[in-house]
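Colleague: make a model of this:
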Amino acid sequence: MTEVEHPHAKDSAQDDAQADPSQSQRVVLVTGPSGAGRSTTISTLEDLGYETIDNLPLSLVPRLLSSPLGQPLALGIDVRNREFSAAGLIEMIDRLTREPAITLEVLYLDCAADVLVRRYSETRRRHPLSIDSPLVGIAQELDMLAPIRQRADVLIDTSAMTVHDCRAEVTRWFSRMHVPQMSVSLHSFSYKRGTPRGIDIMFDCRFLSNPHWNADLRPMDGRDAAVQAYIARDERFTGFVDHVHGLLQFVLPAHLEEGKSHLSIGFGCTGGQHRSVALTEIMSNLLAEGGWHVSKRHRELERRGLVSHGNVTGKDA
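Modeller: As a prediction, the model looks like this:
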């Protein structure tokens, strides 16, 4: 997830409809730049039991929603639509949000520009806004979509995701069996490779004793008991864990009360192999024991093929 959630306030009528889903039409509006994974997302939602329609003209959406469909609906909207405009889409979002019979969620699939350029280069497809260079079309499209991105209820950054990762993340957010609760994702990473996008809270672990300098521990990672024991011998370790855990126990319920449905927490160290991984493992276990729905991602271990994306712990695992 690399993902970020941007909740928006609903009016009281919308809140009533959400409180009784059986009385409202659930609609997921899927948008984002071309190449970010909209087709994969639409097909995933279809597999989850949604009625899906891609690239529907904006003028036809109100007519489609004039009567309940009996199942949740996913609409794909992008710049290929002959009626598309950011202002028109935002106006439609505002209008549907005020409808008490509709529960609307805007899903924005984000992706870094350089990744989009690479994807278009690999597929040799023409960007819908540019005949010659995809770079020009991508820049124009990202600028056009910026106001809509700010209005997203759920934002999924697919820059580092495979197709399978994208399907798993969409399923996690939009499964019809999903029980509304705030999800917490923990990420380990290397500062040398830059901080992950979309992190809400970040902790630097580089002050702790580094197992990298122990020849026996160097080939291991922070999931190994020996590595965790080595780091735990640092006299600052216990205080750090206690303070971080205490802080999260305080802020997580507060974010939940504010209506936030996802919080992303990062732990970074120099190489992203030992200390950050160990703290991510330890903290995810502590939070899961406290009843939180926790997923964890070890970015650098994924790069090396040592772990898959999206390990989940907690009472909903």
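Colleague: from here on, just use CA atoms for contacts and neighbour counts.
Modeller: Fine.
Colleague: what separation do you get for Leu248 and Leu263?
Modeller: Distance, Leu248 to Leu263, by Cα to Cα, to the nearest Å: 11 Å.
Colleague: more neighbours: which of the two?
Modeller: Set side by side, Leu248 and Leu263 give different neighbour counts by other Cα atoms under 10 Å, the larger being at Leu263 (22 against 16).
Colleague: pLDDT score assigned to that one?
Modeller: Residue-level confidence at Leu263 comes out at 87, pLDDT.
Colleague: which strand or helix spans it?
Modeller: Per DSSP states H and E, Leu263 falls inside strand 262-269.
Colleague: put the alpha carbons of that strand into PDB.
Modeller: Below are the C-alpha coordinates for strand 262-269, written out as PDB (Å, rounded to 0.1, in the frame of the first residue of the first chain):
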ATOM      1  CA  HIS A 262      -6.200   2.800   7.000                       C
ATOM      2  CA  LEU A 263      -3.000   4.000   8.700                       C
ATOM      3  CA  SER A 264       0.500   3.200   7.300                       C
ATOM      4  CA  ILE A 265       3.500   3.100   9.600                       C
ATOM      5  CA  GLY A 266       7.100   2.800   8.500                       C
ATOM      6  CA  PHE A 267      10.300   1.500  10.200                       C
ATOM      7  CA  GLY A 268      13.500   2.400   8.400                       C
ATOM      8  CA  CYS A 269      17.200   1.500   8.800                       C
END
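Colleague: and the next helix or strand after that strand, which residues are buried?
Modeller: For strand 262-269, the following helix or strand on the C-terminal side (DSSP H and E) is helix 275-289. Buried residues in helix 275-289, counting neighbours by 16 or more other Cα atoms under 10 Å, are found at 275-288.
Colleague: please apply the same query to stretch 146-155.
Modeller: By 16+ other Cα under 10 Å, the buried positions in stretch 146-155 come out as 148-149, 151-155.
Colleague: what about the residues you listed, which are in strands?
Modeller: Using DSSP state E, 154-155 are the members of the buried residues of stretch 146-155 that sit in strands.
Colleague: and of the buried residues of stretch 146-155, the nearest to Thr40?
Modeller: When these are compared for distance to Thr40 (Cα to Cα), Leu155 wins out at 15.2 Å.
Colleague: circling back: closest one of the buried residues of stretch 146-155 to Ser190?
Modeller: Of all the buried residues of stretch 146-155, the one with the least separation from Ser190 (Cα to Cα) is Leu155, at 23.3 Å.
Colleague: wait, the closest one sits on Ile148?
Modeller: No. Taking Cα atoms under 8 Å as the contact criterion, Leu155 and Ile148 are not neighbours in contact, 10.8 Å apart.
Colleague: residues near Tyr230, how many?
Modeller: One way to gauge burial is a neighbour count; for Tyr230, by other Cα under 10 Å, it gives 16.
Colleague: got a pLDDT number for it?
Modeller: You'll see Tyr230 listed with a pLDDT of 98.
Colleague: that's a helix at it, yeah?
Modeller: Yes. Remark: Tyr230 belongs to a helix, assigned using DSSP: H, G, I helix; E, B strand; the rest coil.
Colleague: got any ranges where the stretch 201-317 of the chain has weak pLDDT?
Modeller: Confidence mapping of the stretch 201-317 of the chain against pLDDT under 70 gives the ranges 307-317.
Colleague: the helix ranked longest in the chain packs against which elements?
Modeller: Determined from DSSP state H, the single longest helix within the chain is helix 237-257. In this structure, helix 237-257 makes packing contacts with helix 275-289, judged by 3 or more Cα pairs under 8 Å, 6 or more residues apart in numbering; DSSP states H and E.
Colleague: same for the helix it packs on, what does it pack against?
Modeller: Checked by 3+ Cα pairs under 8 Å, 6+ apart, helix 275-289 has strand 183-190, helix 225-232, helix 237-257, strand 262-269, strand 293-298, strand 311-313 packed alongside it.
Colleague: rebuild the ones you listed as a markdown table, extending it with distance to Phe207.
Modeller: Listed next are these as a markdown table, based on distance: least, Cα to Cα, whole Å:
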| stretch | distance to Phe207 |
| --- | --- |
| strand 183-190 | 14 |
| helix 225-232 | 11 |
| helix 237-257 | 10 |
| strand 262-269 | 9 |
| strand 293-298 | 19 |
| strand 311-313 | 26 |
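Colleague: out of the ones you listed, flag the one nearest Arg206.
Modeller: Closest to Arg206 of the helices and strands packed on helix 275-289, according to Cα to Cα: strand 262-269, at 4.9 Å.
Colleague: from the contact counts, what lies against that closest one?
Modeller: Using 3+ Cα pairs under 8 Å, 6+ apart as the contact criterion, the elements in contact with strand 262-269 are strand 3-5, strand 183-190, strand 201-204, helix 275-289.
Colleague: please name whichever of these is nearest to Val227.
Modeller: If you check each of the helices and strands packed on strand 262-269 against Val227 by Cα to Cα, helix 275-289 wins as the nearest, at 7.6 Å.
Colleague: which residues of the stretch 1-150 of the chain score low on pLDDT?
Modeller: Low-confidence segments of the stretch 1-150 of the chain (pLDDT under 70): 1-23, 80-83, 121-135.
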